[in-house]
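In: here you go, sequence then predicted model.
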Amino acid sequence: MDTIKNTFIYLKNRPRLLAYISIGFGIMGAISSFTLLTIGFISFLGYFMASIALGIPGAWWLHCDRKDRAIVAKEAEVKGYYQYLTEEEKDLLGGPAPIKKTPRRWKSVLIITFIVFFVGAALMPQDLAKLPTYGVQYQPK
């Protein structure tokens, strides 16, 4: 029974885990793109933009999730106060308003992500011989 419960908790937190992984890859790529400043700012900007594009969906999901959690917490507080009302006051006020989730707008986020990624890819150097090797060079036989 504990295995089923742990699996349920894992499945429940999977979107959050994937969002953090997405942001992590974006940050790691953005930090590593600073090594390309040695060959030019445009190359750096291309890799930086492509790396940031990896983290945009995860960051957007975490932003919307944080707003949803705040709304749910506020609703729980309102429902807590609602129990102290008399029946007459409840009839006068009506029930608590239904919870509205934050609109995700995934189409807009994906369009922005693709635009940032493809602009970054267009700015990347086309000649791979320009990329820094840092002392490690391939020697064909």
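Out: Nice, thanks for sending it over.
In: for the residue nearest to the spatial centre of the chain, helix, strand, or coil?
Out: The centroid of the chain falls nearest to residue 58 when counting by C-alpha atoms, centre = their mean (1.5 Å). The three-state assignment at residue 58 reads helix, by DSSP: H, G, I helix; E, B strand; the rest coil.
In: name the nearest residue to it, sequence neighbours excluded.
Out: Among residues not flanking residue 58 along the chain, residue 22 sits closest, at 3.0 Å (C-beta to C-beta, 6 or more residues apart in numbering). Any C-beta I mention is one placed from the backbone N, CA and C, and that applies to glycine too.
In: right, and that neighbour touches residue 60 too?
Out: No: the criterion here is C-beta atoms under 8 Å, and residue 22 misses it with residue 60 at 9.6 Å.
In: if you average the pLDDT over the helix or strand encompassing residue 88, what comes out?
Out: Using DSSP states H and E, residue 88 maps to helix 87-93. For helix 87-93, mean pLDDT is 81.
In: now swap in stretch 37-57 and tell me
Out: In this model, stretch 37-57 carries a mean pLDDT of 91.
In: enumerate the positions of that stretch that are buried.
Out: Buried residues in stretch 37-57, defined by neighbour count with 16 or more other C-beta atoms under 10 Å: 43-57.
In: then stretch 14-23?
Out: For stretch 14-23, the neighbour count (16+ other C-beta under 10 Å) marks 19-20, 22-23 as buried.
In: what bits of the protein have low per-residue confidence?
Out: Residues of the chain that meet the criterion pLDDT under 70 lie in 1-11, 127-141.
In: for the chain, what spans make up the helices?
Out: Ranges of helices within the chain are 2-12, 14-32, 41-82, 87-93, 106-123, based on DSSP state H.
In: so for residue 99, which of those helices sits nearest?
Out: With respect to residue 99, and counting by C-beta to C-beta, the nearest of these is helix 41-82 at 5.3 Å.
In: and the closest one, what does it pack against?
Out: On a contact count with 3 or more C-beta pairs under 8 Å, 6 or more residues apart in numbering; DSSP states H and E, helix 41-82 meets helix 14-32, helix 106-123.
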